[in-house]
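K.L.:
Need a 3D model of the following:
(chains A, B and C)
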Amino acid sequence: MSFVRKQKYLIDYTLSSLGRRPGKNLGLLLVYTLIVFMLASVMLFTHSLRTEAGLVLQESPEVILQRMVAGRHDLIPADYLDRIGRVRGVSEKYGRLWGYFYDPAVRANYTLMVPRDREIVPGGVVIGAGIARTRGLDEGDFLTFRSSAGEPVSFRVVGLLDHESELVSADLMLVNEATFREFFGIAEDYYTDIVLRVRNPREVRKVAEKLAVKLPDTRPILRDEILRTYDAIFGWRQGIVFVLLGGAILAFVIFAWDKASGLSAEERREIGILKAIGWETADVIRMKFWEGAIVSLAAFFLGYLLAYGHVFYLSAALFEPVLKGWAVLYPEFQPVPFVDGLQVATLFFFTVFPYTVATIVPIWQASITDPDTVMR
Amino acid sequence: MLISPPVLALNAVALIVTFLMLLAAGFAVQVVRHWDIASGSELQLDMERRTYLISTLVAYCFAAELVSLLLFVYNAEQMSTQFVGAMCATGVLNVDPWGWPTLFLKIAVFFSGAAWLMLNHVDNQAYDYPLVRVKYALLLAIAPLVAVEAVVQLGYFLGMDPDVITSCCGALFTPEGGGVAAEVSALEPRTAMPALYASGLAGLGAGAFYWWRRRGGGAFAVLTVTAFLVALAAIVSSVALYVYEHPHHHCPFCILKSGHHFIGYWLYMPLFAATALALGVGLISRWHRVPSLKQVIEADGHRFTAVALALLGLFYIVATYAVLSSNLTMEGVWW
Amino acid sequence: MIHLEQVKKAFNQGRTNEFWAVRGITLELEANRATVLKGPSGSGKTTLLSMIGCLSRPTSGRITLEGRLLSNLPERFMTDVRRSTFGFIFQQFNLIKGLTVLENVMLPAYPLGPDHRALKQAALGLLKQFGLADRADYKAEWLSGGEAQRTAICRAMINQPRILIADEPTANLDTRLVREFMAMVRDLVDMGKTVLLTSHDPMVFDSPQVAAVLEMRDGLLAEA
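P.N.:
Numbers count the residues shown, from 1 in each chain, chains lettered A, B, ... in the order given. All right, here's what the predicted structure looks like:
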């Protein structure tokens, strides 16, 4: 009990001591908060993107089968569906039609797709929000492109894709099958690829193996592999940014060390007095530890809150180019907040831990001031 | 190497902690050679001042290592999506041969650090620092352990190859496989559960005896460590099955997931803490005859033992609760 | 009460600028009296004072308090003994600027973690005793010389020490305040305290309140 009371007294003294030197401590707090802010922003943003991608992919099929010719992706014949036949574990299989189109007017690549879950009138197109923005289109407007046969083909905008799904649909155009085949000149008996749904995650590999045997000129792409690649890329991207910020962290550490060891004459006198009136070295160390803890907590909390606001309310305005990759059509989207313990612990290790280590020796040096210095 | 922030953090922290511990070890050598409490010479005064630094450093290092242990396990969980075949931390630890050694070393560092801090705490309360030489000699033994752990951990992360297919708990913790994990999983609940309670009673009994009579601290430590090992085996072979409600899922990490109400934390944390405290009590009770320490050890030993017994009891209660509240009955199969 | 046996103190030991401030002092300090240490600057009296008051350890020699050996205690225990046995009043008063009088007085007790209300009561009691009750919330830097000194005395008394040590307490005071101070010394002795002072001020060492005067020169006691 007296241990708790003692800590309360020490904290009391620390707070008043921090208050007596606002300039120096505010400077440190500012830099500290900035570091936490930067690192937390990167982590929150990347984590949210990754989780978002994960969620989106959850709906996607477990296996995508693509035909390869001379190592490149080619159209897949519709009769492959029959050749696959019944494979244990496969609950559904169907062909997909999709492709890319380069629009020279805005120098952007669009993805055209035939959706399975909606009917579109022939000649109609549903466009993503990115396209709508860049070309200033709305329902009822017309889009004209040159088809593969060289003829101009007009599409009438019959709908806009949900703003909320922008991350994946910004550059998407949905048309019906006939329109698609005509525009790209793809015959009736071909698809872009074939997808299969497998219920049991443990059977996915086996199914992929069987497919590779039955159809040797195809390659199966597993959804799990995509997720893994995303994880690796996002983790790697974060890691690179952190390494780059390593310089900033080092500067912060040096700054912290300097601040901790650069005690003014007044501060030294104060510690001398404390030692002389009966505070022991361990007491002074603990008091200074509380000082560090209070500053750290304040900076951590503040930095994290600011980062949260930055990422989730300002859509990480400062980081977009590095972390999103590069494209002409930037999706505008609100990252969904995701916070987790691993993130917070990692952040802690990159900020509070270096600060603490940098200040241990200066704190100790201040605390061992001889009690009789005030008498000399 | 997969450079994600948690991996960077773990390695950076291990490196920094190793560096700090080596500093402490350097000082430890000086203390063991020159310490003389009766002298008032400047060297002695200087060393006494330095002990504050070392104590603080080691305490911070230990705290960092503790968080690092938790971070390591948690990170392994999160990384499981990046490796083919891994569905939980077990799979990630299997990715290369350094995974499990890293975990064991981290646990060893945790226990050594806890015991040292308890010894330091006791020694500091005696007016003539009687255990200084012992303390710093022990530090000289712990510092290399920390260094080895840092190196092994680095090796583990460097050796990670996402293209390698790893096996997860289903393949590792199955009686059909080979190795220790398989042996442990193959333990029948009929043997494991009684062993769990028997070793628990022994540990609790020894602790109670020490608490009452102030004797047998060493026995308490040994019996608790035994109970700890038996408990781990029991978790893998039996308790986990009840938590997962699946007779063949033996994984020791999946019980930490939110899907099981984080019950893993309620099992592991009291168990580890109690074992650490018991080890500490066993260590400090060796010196109960030293006059300046007598009272201190009596008081502190008493307190630590009480806490250890409470935590150990909590572990057994949670384990029993997990078994009893599970939908898995296995009447007639196991019992 | 306090016995010193061949106490010596050196600074920068082993180096070229090695200096022995105290070269071998043996003395007995009696309880419940006021004793003065006098001597020119550089005579080692401040160093001796700090060793007696457990602020520093002698390089060699023994210091015992009522038979208990103090000189080989590690810092932790020395501080513990000091807290409960000695109260210090410094030449410069050494109050912490920015803190109030009350906070300054309570400060030495913080590491003991006492009950807050009890501590506050004790502090206010002391302030009242020394006529500072209405200054309790004043910031230390607003006090006059005499008030600062009385605050320093209260602070020295907060842990109820038996022995009060004051280093050149009258150096910054005018005659009236010096007389007031010596009156307070008499009150302290009457309360049962032992007081040890250093001073070059004849008003102090010639004062009737002082029971013994010890003269120091070059680190040794001059033959009185």
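
K.L.:
CA atoms for contacts and neighbours, from now on please.
P.N.:
OK.

K.L.:
Now C:Gly39. Nearest residue, chain neighbours left out?
P.N.:
C:Met216 (4.9 Å; CA to CA, 6 or more residues apart in numbering or on different chains).

K.L.:
Tell me which strands the strand or helix carrying the one you found pairs with, and in which orientation.
P.N.:
Using DSSP states H and E, C:Met216 falls within strand C:212-217. If you go by DSSP bridges, strand C:212-217 pairs up with strand C:34-38 (parallel), strand C:220-221 (antiparallel).

K.L.:
Looking at the one helix or strand A:Phe145 maps to now, give me its mean pLDDT.
P.N.:
According to DSSP H and E, A:Phe145 maps onto strand A:142-146. For strand A:142-146, the mean pLDDT works out to 86.

K.L.:
Next: stretch A:34-53.
P.N.:
Here the average pLDDT along stretch A:34-53 is 83.

K.L.:
in the chain, which segments are predicted with low confidence?
P.N.:
In the absence of a named chain, this looks at chain A. Segments of chain A classed as low confidence (criterion: pLDDT under 70) are A:164-168, A:315-338, A:376.

K.L.:
Sorry, I should have been clearer: chain C.
P.N.:
C:223-224.

K.L.:
Around chain B, pick out the residues from it.
P.N.:
C:11-13, C:57-60, C:72-77 (CA under 8 Å from any CA of the partner chain).

K.L.:
hmm, 7 Å instead?
P.N.:
Within reach of chain B by CA under 7 Å from any CA of the partner chain, chain C has these residues: C:13, C:57-60, C:72-74, C:77.

K.L.:
So which residue is dead centre in the chain?
P.N.:
Using chain A. A:Thr46 (1.3 Å; CA atoms, centre = their mean).

K.L.:
please go with chain B instead
P.N.:
Centre-nearest of chain B using CA atoms, centre = their mean is B:Ile107, 4.0 Å out.

K.L.:
and that residue, which of the three is it?
P.N.:
helix (DSSP: H, G, I helix; E, B strand; the rest coil).

K.L.:
Columns mean neighbour count on top of the strands paired with strand C:212-217, output as a markdown table?
P.N.:
Output for the strands paired with strand C:212-217, formatted as a markdown table (neighbours: other CA atoms under 10 Å in any protein chain shown):
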| stretch | mean neighbour count |
| --- | --- |
| strand C:34-38 | 23 |
| strand C:220-221 | 21 |
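
K.L.:
nearest to B:Phe157, of the ones you listed?
P.N.:
Each of these has some distance to B:Phe157 by CA to CA; the shortest is strand C:220-221, at 67.2 Å.

K.L.:
Is A:His73 in a helix, a strand, or coil?
P.N.:
strand.

K.L.:
what about it, how many residues close to it?
P.N.:
By the criterion of other CA atoms under 10 Å in any protein chain shown, A:His73 has 14 neighbours.

K.L.:
again with A:Gly130
P.N.:
Neighbourhood size, A:Gly130 [other CA under 10 Å]: 25.

K.L.:
Next: C:Ala122.
P.N.:
18.

K.L.:
Please apply the same query to B:Arg33.
P.N.:
By other CA under 10 Å, the residues close to B:Arg33 number 9.

K.L.:
Please report the distance of it from chain A.
P.N.:
B:Arg33 sits 23 Å away from chain A, taking CA to the nearest CA, to the nearest Å as the criterion.

K.L.:
One more: C:Gly192?
P.N.:
From C:Gly192 to chain A the distance is 21 Å (CA to the nearest CA).

K.L.:
and if you look at B:His302?
P.N.:
B:His302 is 17 Å from chain A, by CA to the nearest CA.

K.L.:
Mind telling me what element the closest residue to that residue other than its chain neighbours is part of?
P.N.:
Distance criterion CA to CA, 6+ apart; nearest residue to B:His302, sequence neighbours excluded, is B:Trp211 at 5.5 Å. According to DSSP H and E, B:Trp211 maps onto helix B:189-213.

K.L.:
same for that helix, what does it pack against?
P.N.:
helix B:217-234, helix B:291-324 (3 or more CA pairs under 7 Å, 6 or more residues apart in numbering or on different chains; DSSP states H and E).

K.L.:
quick one, it and helix B:291-324 angle?
P.N.:
150 degrees (axes from the mean of the first three to the mean of the last three CA atoms, to 10 degrees).

K.L.:
got the buried residues for helix B:189-213?
P.N.:
B:189, B:192-193, B:195-197, B:199-211 (16 or more other CA atoms under 10 Å in any protein chain shown).

K.L.:
Which helix or strand contains the residue positioned nearest the centre of chain C?
P.N.:
For chain C, the residue sitting closest to the mean C-alpha position, by CA atoms, centre = their mean, is C:Ile165 at 2.0 Å. Using DSSP H and E, C:Ile165 sits in strand C:163-167.
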